[in-house]
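>>> Turn this into a model:
(2 chains)
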Amino acid sequence: MLVELNNVSKRYAMGDVWVDALKEITLSLDKGEFLAVKGPSGSGKSTLLNILSALDQCDSGTVQVGGVNVGALGEHKRSRFRNRHIGIVFQSFNLIPVLTALENVMYPLTLRGVKDAKPRALQALKDVGLEKQVNQRPTQLSGGQMQRVAIARAIVTRPDIVLADEPTANLDSKTSENIMALIQKLNKEQGVTFVISTHDNYVTSLASRVITILDGKLVGDSLAENRQANKYSETVLDESGVEV
Amino acid sequence: MTLGWKVALLNILRNGRRSLITLAAVVFGCTSLIIFGGFVQSMYDGMRESMIRSQLGHIQVYAEGFDQYGKAEPEKYLISSADLVEISDVIEEQIQALVVAPRLNFNGLLSDGKQSIAITGVGIDAEKEVLLSSAIHIVAGEDLFPEDAAAAHLGEGLFNSLDAEIGDYLTLLASTQDGAINAVDIQIAGVISTGVKELDDRLLRVNLPLAQELLYTSDVTRLVVLLDDTKMTDKVVGDLQRIFQQQGLKLEIKSWWDLAGYYHQVVGLFNGVFGFITVIVLVIVALSISNTMLMAVMERTREIGTIRAMGGTPTQVVGLILLESVFLGIIGSLLGLLVGVLAAKGITYAEWMMPRPPGSTQDYPIRVFVVSEILIKTFVLGFFISLVSSIYPAVKASRIPVVNALRFT
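Okay, the predicted model is just below:
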């Protein structure tokens, strides 16, 4: 298993009121999966992604990514862990405006002093189809191009898993389709594991697995449902409907 | 250039107006320190040279014991006329002195027939004193010449308190070495100003033979040595001590540094004032930089969150903010040095006059020295204060929880 969440809960204080963002979530994820996390706003999707990406810590339960108990890491080690094992794509791209597309993609590599940052970043930009825009600043790029740069930045470190929080929310439908095609391609061709939170049915239709979060609880998992369905389809009944 | 350096440098340009205000604060601070430091240095320099070239010389040589007992019994600790020639020859042969001049000091009363005023008298070699006392200004009358046996120079304050004119004769009374009262007539040849009011109210300078006649002696109190350059003083003092010891001459040597108590007091006072002003300027600059960096951190909270999300450690975030601040400090300090040097030159060129300080009798032009030591100190302070004042914003930025930073709008 690449990712294992065991009874993960998280609470937030909103003023004087405590809100249960996640309630005893148990989930496992294999390498190469393309998981879509769906649910209404405020259901806990982003919190789940924050915990999966080691940006935040759960109040109870355990989170293991690649066999590492992320909750047990200190601030410094968690940063290093994110840099080596996690790629993150943001809804609003979050590119550094003073840097070019190439430099933005190089940045996570330079944070850990990788020597061949430039060729790797160039390759990542080529993988997302932006080899001609390497020297352009974010302000010179379209929304779709900015999100491609963000995806290149997320995959350039060759992470175990890429987490994307509503990556198409700020894009038009055509651009969204292009971005999702790119994600699907990276998933299938390069085996990159993706976890994407979304409201978009189109996105969920492309995922290999979909989980549903409602009020902090895991209320649906397509993988479990498929397994259940498969189990029923494999059952042989006699004429009176009794299992043989 | 690594990306961190590039980000730090380019971030300065992101809010140009705010960076300019911060740079202006650093430039103002550096310029203030350079101008005030250079002005104080010029004041020290002027005061030191004025004291050396009006009263003290660079080095004074006395008979042994003068320092300890000379004030109570000056007549017992004089340099005899026989020794005087030998010592003068030794000094002139062994060191590169501009002038070696004898002086005979005495106290007495000066009378214009109506009143008698206590004076501090000096018998001098008038020819040698032209160079030795070049900082003494003749306010009225003419120079003192050796052939004018009775001629005298009166301090400005002393002259004004007498009912006398240039050319008038006055009576000078003093005790001889035997304790008898002696009197000579002197003629006012000129009125002088040393720049020190207290001294000008009492000073009387006459030719050495007249002073020796008055005191009934052929000895002198001291030999005053003027050098080419004040910086040579310590070395020459050391050389003279060694030479006197080798030749068995029982003499005491004092440098201007040992004798200039007033100078040391003023330097101490102004160093304190300068230190205080430096602290105030640095606090203003530090607050300005700190404020700028806090605003920059606040504006870029989301960006900082992104860097942290990509795996940037808190230490790397601190480094990024400090680097940005250090760039501001370096640019500001370099500009400050440039502006400060230009301002110092401009002020000196303008020759604005400063009102006379307490105890002084002369106005003086503002001169601002460009002192390399002050320039280096200012640059280092500019750099250091930039670094220190951004520590709090940097640490604050590194401690924002990543999730909160990413949500920041």
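>>> State the three-state secondary structure for A:Pro97.
coil (DSSP: H, G, I helix; E, B strand; the rest coil).
>>> Quick check: it vs chain B, distance?
8 Å (C-beta to the nearest C-beta, to the nearest Å). Quick note: C-beta positions are derived from backbone N, CA and C, even for glycine.
>>> The nearest residue to that residue once chain neighbours are set aside: neighbouring residues, count only.
Distances taken as C-beta to C-beta, 6 or more residues apart in numbering or on different chains put A:Pro138 closest to A:Pro97, at 5.4 Å, once the chain neighbours are dropped. Applying other C-beta atoms under 10 Å in any protein chain shown, we find 19 residues neighbouring A:Pro138.
>>> A:Pro138 reaches A:Asn94, doesn't it?
No. Contact status for A:Pro138 versus A:Asn94: not in contact, 9.7 Å apart, counting by C-beta atoms under 8 Å.
>>> Now do the residue in the stretch 251-400 of chain B that chain A sits nearest to against A:Lys115, distance only.
Here the stretch 251-400 of chain B gets closest to chain A at one residue, B:Gly311, 2.2 Å apart by C-beta to the nearest C-beta. Separation of B:Gly311 from A:Lys115 (C-beta to C-beta, to the nearest Å) stands at 17 Å.
>>> for A:Ala152, same thing?
19 Å.
>>> For chain A, give me the ranges with low pLDDT.
Scanning chain A for pLDDT under 70 picks out A:224-244.
>>> Of all the residues in it, which one is nearest chain B?
For chain A, C-beta to the nearest C-beta, closest residue to chain B: A:Asn83, 2.2 Å.
>>> ok, that residue - how many residues close by?
A:Asn83 has 21 nearby residues by other C-beta under 10 Å.
>>> what's the answer for the one 3 residues further on, then?
Counted with other C-beta under 10 Å, the neighbours of A:Ile86 add up to 25.
>>> List the contacts of it.
With contact set as C-beta atoms under 8 Å, 6 or more residues apart in numbering or on different chains, A:Ile86 has these partners: A:53-54, A:65, A:159-163, B:311.
>>> Then B:Ile188?
B:141, B:152, B:154, B:159, B:164-170.
>>> tell me which parts of chain B are close to chain A?
Residues of chain B lying close to chain A (C-beta under 8 Å from any C-beta of the partner chain) are B:2-4, B:6-7, B:10-11, B:13-14, B:302-303, B:305-316, B:401-403, B:406.
>>> The most centrally placed residue in chain A and A:Phe194: what is the separation?
Closest residue to the average C-alpha location of chain A: A:Leu163 at 1.9 Å, with C-alpha atoms, centre = their mean. From A:Leu163 across to A:Phe194, the span is 8 Å (C-beta to C-beta).
>>> got it, and B:Asp219?
106 Å.
>>> These two: which is more packed in?
Between B:Asp219 and A:Phe194, counted using other C-beta under 10 Å, A:Phe194 has the larger neighbour count: 26 against 19.
>>> Spell out the secondary structure type for that one.
With three-state DSSP as the criterion, A:Phe194 reads strand.
>>> hey, what's it bridged with?
A:Phe34, A:Val162 (DSSP bridges).
>>> before we move on, the earlier item: any chance of the contacts of B:Ile188 in a markdown table with neighbour count, secondary structure and pLDDT as columns?
Below are the contacts of B:Ile188 laid out as a markdown table (neighbours: other C-beta atoms under 10 Å in any protein chain shown; DSSP: H, G, I helix; E, B strand; the rest coil; pLDDT from 0 to 100):
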| residue | neighbour count | secondary structure | pLDDT |
| --- | --- | --- | --- |
| B:Gly141 | 19 | strand | 93 |
| B:Ala152 | 26 | strand | 95 |
| B:Leu154 | 31 | strand | 95 |
| B:Phe159 | 24 | helix | 94 |
| B:Ala164 | 19 | coil | 89 |
| B:Glu165 | 10 | coil | 91 |
| B:Ile166 | 14 | coil | 94 |
| B:Gly167 | 9 | coil | 93 |
| B:Asp168 | 13 | coil | 93 |
| B:Tyr169 | 13 | strand | 93 |
| B:Leu170 | 21 | strand | 94 |
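>>> Return the alpha-carbon coordinates of stretch A:132-149 using CSV.
This file holds the C-alpha atoms of stretch A:132-149, laid out as CSV (Å, rounded to 0.1, in the frame of the first residue of the first chain):
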residue,chain,number,x,y,z
LYS,A,132,7.9,26.7,-25.7
GLN,A,133,6.9,28.7,-22.7
VAL,A,134,9.8,28.0,-20.4
ASN,A,135,11.0,31.6,-20.1
GLN,A,136,7.6,33.2,-19.7
ARG,A,137,6.5,34.6,-16.4
PRO,A,138,3.1,33.5,-14.9
THR,A,139,1.5,36.8,-15.9
GLN,A,140,2.3,35.9,-19.5
LEU,A,141,0.6,32.5,-19.4
SER,A,142,-3.1,31.5,-19.7
GLY,A,143,-4.9,29.8,-16.8
GLY,A,144,-4.5,26.4,-18.4
GLN,A,145,-0.8,27.0,-19.0
MET,A,146,-0.3,28.1,-15.4
GLN,A,147,-2.0,25.0,-14.2
ARG,A,148,0.3,22.9,-16.5
VAL,A,149,3.3,24.6,-15.0
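>>> surely the residue of chain A closest to chain B meets B:Gly311?
Yes. Under the contact definition of C-beta under 8 Å, A:Asn83 touches B:Gly311, with a separation of 2.2 Å.
>>> Touching both of these two, which residues are there?
A:108, A:111-112, A:157.
>>> and those, which of them are in helices?
Among the shared contacts of A:Asn83 and B:Gly311, the members found in helices (DSSP state H) are A:Pro108.
>>> and the longest strand for chain B?
Secondary structure of chain B read by DSSP state E shows that its longest strand is strand B:97-111.
>>> Up against chain B, what does chain A have?
A:50, A:53, A:55-56, A:75-76, A:79-84, A:86, A:88, A:90, A:94, A:96-99, A:103, A:106-108, A:110-112, A:153, A:157.
>>> Just the buried residues out of these, in ChimeraX syntax.
Selecting only the buried entries of the residues of chain A next to chain B in ChimeraX, with 16 or more other C-beta atoms under 10 Å in any protein chain shown as the criterion:
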select /A:50,53,55,56,75,79,80,81,82,83,86,88,90,94,96,98,99,103,106,107,108,110,111,112,153,157
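>>> B:Gly336: which of the shared contacts of A:Asn83 and B:Gly311 is nearest?
A:Leu111 (33.7 Å; C-beta to C-beta).
>>> Does that closest one touch B:Thr315 like I think?
No. Applying C-beta under 8 Å as the test, A:Leu111 and B:Thr315 come out as separate, 11.0 Å apart.
>>> Who are the contact partners of the spatially closest residue to A:Leu73 that is not a sequence neighbour?
Excluding the flanking residues, the one nearest A:Leu73 by C-beta to C-beta, 6+ apart is A:Phe81, at 5.8 Å. For A:Phe81, the contact set (C-beta under 8 Å, 6+ apart) comprises A:54, A:65, A:68, A:70, A:73, B:311.
>>> Determine the next helix or strand in the C-terminal direction from the longest strand of chain B.
Scanning forward in sequence from strand B:97-111 by DSSP states H and E, the next helix or strand is strand B:116-124.
>>> Not counting that next one itself, show me its contacts.
B:101-111, B:133, B:144, B:158, B:161-162, B:172-174, B:199, B:202-212, B:214, B:220.
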